[in-house]
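Q: could you look at this predicted model? Sequence included:
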Amino acid sequence: MDNSSSISNEQVPISQALAALPPGLDGLAPDWRVGLVSTDIGDGGVLRWPSGSVVPWVSASDPDPADRLQALGNLGTNGSGIEDAIESAWLALQPAMLGPGGANEGFLRLAADLVVVVVLDEQDQSVVYQPTPLLTPAEIALALEALHGPADAFRLIAVSGGTAGCDSAVGNAAPGPLLVDAVAAVGGDELLICDPAWPTDLASSPAFAPNPPNTWTLSESPVVGVLLVRVNDVPNTAWTYQPDPPRLVFPPGQGPPADATLTATYPADDGC
């Protein structure tokens with residue numbers, strides 16, 4: 001969430017958007033959690049603590065999630081004028097931050113889908129140098145996807161000025177093509193921060209809906225030419241094989257249903 005001085009005109013819509021999230025999310029993912037970090041890299045990706053909470057996030061089980069989210073979004077406008085949105089998310093979601101003793105310990109559950117929502121009115125200037133250089137928001141988003149895969153379980157929602165920038169009575173924003181590229185790289189949704197409807201559109205974004213898996217990991221490397229895949233006992237050839245780790249990948253939207261049984265029959269490739 002942008003907390004630089006330029007975001008002052010959008011403070012009211014941001015509060016409205018956060019307050020509207022719980023009823024929308026309840027219909028898509030009834031056990032949701034929302035954590036919030038600023039775009040100021042000096043904050044180190046540490047989740048903001050909701051008032052009165054014992055954990056640094058808001059969840060569906062909280063007695064007043066809309067009020068807590070609305071209050072949580074009041075970050076002010078004293079943050080850095082260099083907005084590092086995806087980099088802040090990258091820091092917040094590192095295993096050391098999420099694991100025992102980390103500042104964000106316990107936030108991300110093992111089997112949960114992960115949706116990163118970026119709200120800013122400038123270009124995202126994120127760059128990561130360690131441990132591997134990631135020089136654009138798209139590269140960082142792809143690295144987040146790899147870190148918290150499978151790929152179908154990670155999405156990005158960008159609320160920004162879009163490719164060309166925008167201006168309206170509710171907000172104005174500079175062009176943000178790098179963030180648009182990041183959404184295109186990993187999948188998700190784009191909303192214009194100048195659109196008066198974005199606070200309500202965010203809550204109903206299809207990017208929040210849990211997806212059935214499109215990636216299935218195999219226990220051993222197969223002899224690909226004799227790999228037979230069945231979904232609910234029906235032969236299926238919609239997949240492609242990818243090694244390291246050995247896995248079957250279905251095109252987006254063409255994976256087996258969440259309640260399906262997938263079986264893969266093959267001799268192991270022992271390299272001989």
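A: Received it, and whenever you're ready, just let me know what you need.

Q: what segments of the chain are helices?
A: With DSSP state H as the criterion, the chain has helices at 11-26, 65-72, 85-92, 95-98, 137-147, 177-186, 198-203.

Q: looking at those helices, which is nearest to residue 219?
A: Among these, the nearest to residue 219 by C-beta to C-beta is helix 137-147 (20.8 Å). The way it works is simple: take the backbone N, C-alpha and C, and place the C-beta from them, glycine included.

Q: ok, now how distant is the closest residue to residue 189 other than its chain neighbours from residue 228?
A: Nearest non-adjacent residue to residue 189, counting by C-beta to C-beta, 6 or more residues apart in numbering: residue 207, 4.2 Å away. Distance of residue 207 to residue 228, computed by C-beta to C-beta, to the nearest Å: 34 Å.

Q: returning to that earlier point: need the winner for burial among the helices of the chain.
A: For the helices of the chain, the largest average neighbour count (mean count of other C-beta atoms under 10 Å) is found in helix 85-92, namely a mean of 25.

Q: and the nearest residue to residue 88 once chain neighbours are set aside, what is it in contact with?
A: Closest residue in space to residue 88, ignoring its immediate chain neighbours: residue 37 at 4.8 Å, by C-beta to C-beta, 6+ apart. The contact partners of residue 37, by C-beta atoms under 8 Å, 6 or more residues apart in numbering, come to 1, 43, 45-48, 88-89, 91-92.

Q: pLDDT score assigned to residue 271?
A: Per-residue confidence (pLDDT) for residue 271: 56.

Q: quick one, strands of this protein?
A: Secondary structure of the chain (DSSP state E): strands located at 33-34, 58-59, 114-119, 154-160, 166-168, 171-173, 188-192, 215-217, 228-231, 234-235, 240-242, 247-249, 262-265.

Q: against residue 25, how distant is the closest residue to residue 168 other than its chain neighbours?
A: In space, and not counting its chain neighbours, residue 168 is closest to residue 194: 4.0 Å by C-beta to C-beta, 6+ apart. Using C-beta to C-beta, one gets 24 Å for the distance from residue 194 to residue 25.

Q: try residue 95
A: Taking C-beta to C-beta, one finds residue 95 at 25 Å from residue 25.

Q: before we move on, what about residue 79?
A: 26 Å.

Q: so what pLDDT did the residue nearest to residue 168 get?
A: 93.

Q: and residue 226, by the same measure?
A: pLDDT for residue 226: 88.

Q: returning to that earlier point: as CSV, the helices of the chain with distance to residue 33 would be great.
A: Converted to CSV, the helices of the chain look like this (distance: least, C-beta to C-beta, whole Å):
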stretch, distance to residue 33
helix 11-26, 9
helix 65-72, 10
helix 85-92, 13
helix 95-98, 12
helix 137-147, 17
helix 177-186, 20
helix 198-203, 15
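
Q: how about a markdown table for those helices, with mean pLDDT and distance to residue 248 added?
A: Formatted as a markdown table, the helices of the chain follow (pLDDT from 0 to 100; distance: least, C-beta to C-beta, whole Å):
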| stretch | mean pLDDT | distance to residue 248 |
| --- | --- | --- |
| helix 11-26 | 86 | 30 |
| helix 65-72 | 89 | 38 |
| helix 85-92 | 95 | 28 |
| helix 95-98 | 94 | 26 |
| helix 137-147 | 91 | 17 |
| helix 177-186 | 92 | 20 |
| helix 198-203 | 89 | 33 |
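
Q: perfect, that will be all.
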